[in-house]
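**Q** Sequence and computational prediction follow.
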Amino acid sequence: MGDRKKMNLEEDRLSSLPDDLIHDILSFVSIKLAVKTSVLSSRWRYIWTSMPCLNFSSKGFHTLPKFSKFVKHILSGRNNQIEVSSVELISRGKVVQPCVKRILSYAFSHNVEQMNITFLPEKKIEFPLSF
């Protein structure tokens, strides 16, 4: 019985991590993956709602409307008391303008400190040799 109790304590080490450390760990992954970590422990269930770093990427979404719907869900589910220190947006192919506008508006209204936006075109772009 002592081994079982010891095993339960070891299995729930995630719950003992401070929020700041969890946020630091999750800042290295996309918000989509951060949301998926909510199944790791009961304490992590809503930790993504207070992340100060938002890393959006359209990679992994089959359509841009699905990505746009995901962004809307994330921004509406966040704890609005938490300021946003950084926002990263990586979009492949076409861009859904209302989605980008929503992200930018949310970031600015939460006093974003750093923002990186990358648009990767579907087609190869050829620059003049003078560049």
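**A** That came in fine, so what should we check first? Numbering: from 1, shown residues only.
**Q** Can you give me the pLDDT of the nearest residue in space to residue 115 that is not next to it in sequence?
**A** Excluding its sequence neighbours, the residue lying closest to residue 115 (CB to CB, 6 or more residues apart in numbering) is residue 87, at 4.9 Å. (C-beta placed from N, C-alpha, C; glycine too.) Residue 87 carries a pLDDT value of 94.
**Q** cool, and the one 3 residues further on?
**A** We have a pLDDT of 89 for residue 90.
**Q** what's the answer for residue 72, then?
**A** 94.
**Q** thought it was touching residue 102?
**A** Yes: Residue 72 lies in contact with residue 102 (CB atoms under 8 Å); the separation is 6.6 Å.
**Q** Which residues are in contact with residue 17?
**A** Contact analysis of residue 17 by CB atoms under 8 Å, 6 or more residues apart in numbering lists nothing.
**Q** Identify each buried residue in the host helix or strand of the residue nearest to residue 115, please.
**A** Element membership for residue 87 (DSSP states H and E) is strand 86-92. Judged by neighbour count (16 or more other CB atoms under 10 Å), strand 86-92 contains these buried residues: 86-89, 91-92.
**Q** is it possible to export those to CSV including distance to residue 45?
**A** Shown next, in CSV, are those (distance: CB to CB, whole Å):
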residue, distance to residue 45
86, 23
87, 23
88, 24
89, 25
91, 28
92, 30
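**Q** Beyond the strand or helix carrying residue 22, next helix or strand please.
**A** Taking DSSP H and E as the definition, residue 22 sits inside helix 19-26. Going down the chain from helix 19-26, the next helix or strand is helix 31-36, by DSSP H and E.
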